[in-house]
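> Quick one, what's the 3D model for this:
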Amino acid sequence: LELVISLHAIIKAGGVYIPLDPDYPQQRLDYTIQNSGADYCLTQQALLQRVDHFSGLLINLELIERELTQQPLIPPELNLQPDNIAYILYTSGSTGHPKGVANSHGALANRLNWIQRRFPLDQHDSVLQKTPCSFDVSVWEIFEAPITGAKLVIAKPNGHKDNAYLSQLIQQQLITTLHFVPAMLNVFINDPEAVRCTSLKRVFCGGEALPIALQQQVHSTLNTQLLNQYGPTEAAIDISVWECHPDDIASSIIAIGTPIDNVQLY
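Predicted coordinates:
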């Protein structure tokens, strides 16, 4: 929960967030810290040893809890522009070395506004947040639900790897909306419990090619929208979408679809 609150707080304060995944090797974390030149590091007591090379201001969320209750309730006055950076994610890219990819408030706002117009959420929806924060899908999961009135359900750490746990969570929390990479969708849909996840209204898929056979299996198992998305980390989550249909069997591949608002594909 502290992660989600902290990311919203950083954005609200006009800062840039750079996630550090504690499951990553120490060398990768040290490189990200050094390369990004971050000024502050928000962490918790149990993770302090993972950031002991950080030379900026270290903020232990558990130690400032009382101080936070004394802060004013009015939002900070900001002069943010669309080109201001909202977040930086580190990806290996084609070089084999991690590189920081910066995305702007304008790009993020465009993506969030587009998906709300195209596939609107409301107070009756529940969105499952299960993607590790070092991947850009987590940006959509974390920010879309709170700005639309939908319920945000946060999976336990590493819960995205536990298929039985995910199926149970979807059923218990009546999840309507979630995202899978095709490989994980394949594992999920082949589980006997998948057919019980009847609350699902839309399943977004992306990160790798979506096989025709997997699309057909999803539609034969669940009565849900299946949406194939494409987008590199550099382009604020997704830049195109294709809505799959059960009778789309003429083609040997599934298209990446048409561009989102204010985006062109070449």
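> now the lowest-mean-pLDDT helix or strand in the chain: how far from the chain's centre is it?
Taking mean pLDDT, DSSP states H and E as the measure, the helix or strand of the chain with the lowest value is helix 65-68, at a mean of 88. Put simply, helix 65-68 sits 28 Å off its chain's centre (Cα atoms, centre = their mean, to the nearest Å).
> Equivalent analysis for stretch 80-95, please.
Using Cα atoms, centre = their mean, the mean C-alpha position of stretch 80-95 is found 14 Å from that of the whole chain.
> What residues sit buried inside that stretch?
86, 87, 88, 89, 90 (16 or more other Cβ atoms under 10 Å). Heads up, the C-betas are built off the backbone N, CA and C, glycines and all.
> Where do the helices of the stretch 51-200 of the chain begin and end?
Ranges of helices within the stretch 51-200 of the chain are 65-68, 105-118, 137-148, 163-173, 182-189, based on DSSP state H, counting those that start in this stretch.
> who's in contact with the second one?
In this case it means helix 105-118. Residues outside helix 105-118 that contact it (Cβ atoms under 8 Å, 6 or more residues apart in numbering) are 80-87, 139-140, 143-144, 147-148, 235-238, 241, 260-263.
> Filter those down to the ones in strands?
With DSSP state E as the criterion, strands contain 85, 86, 87, 241 from among these.
> what would those residues look like in TSV with pLDDT and distance to residue 231?
Shown next, in TSV, are those (pLDDT from 0 to 100; distance: Cβ to Cβ, whole Å):
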residue	pLDDT	distance to residue 231
85	96	18
86	96	16
87	97	15
241	96	9
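> CA atoms only for stretch 197-206 - export them in CSV, please.
Output in CSV follows, covering the C-alpha atoms of stretch 197-206 (Å, rounded to 0.1, in the frame of the first residue of the first chain):
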residue,chain,number,x,y,z
CYS,A,197,-13.4,-15.9,-12.8
THR,A,198,-16.7,-14.7,-14.2
SER,A,199,-16.4,-11.2,-12.9
LEU,A,200,-13.8,-10.3,-15.6
LYS,A,201,-15.1,-7.9,-18.2
ARG,A,202,-11.9,-7.0,-19.9
VAL,A,203,-8.4,-8.5,-20.1
PHE,A,204,-5.6,-6.4,-21.6
CYS,A,205,-2.7,-8.2,-23.1
GLY,A,206,0.7,-6.9,-24.2
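> So which residues make contact with that stretch?
Among residues not part of stretch 197-206, those counted as contacts by Cβ under 8 Å, 6+ apart are 119, 125-126, 137, 167, 170-171, 174-182, 185, 218, 222-231, 238.
> quick revisit: winner for burial among the helices of the stretch 51-200 of the chain?
Among the helices of the stretch 51-200 of the chain, the stretch with the highest mean neighbour count (mean count of other Cβ atoms under 10 Å) is helix 137-148, at a mean of 20.
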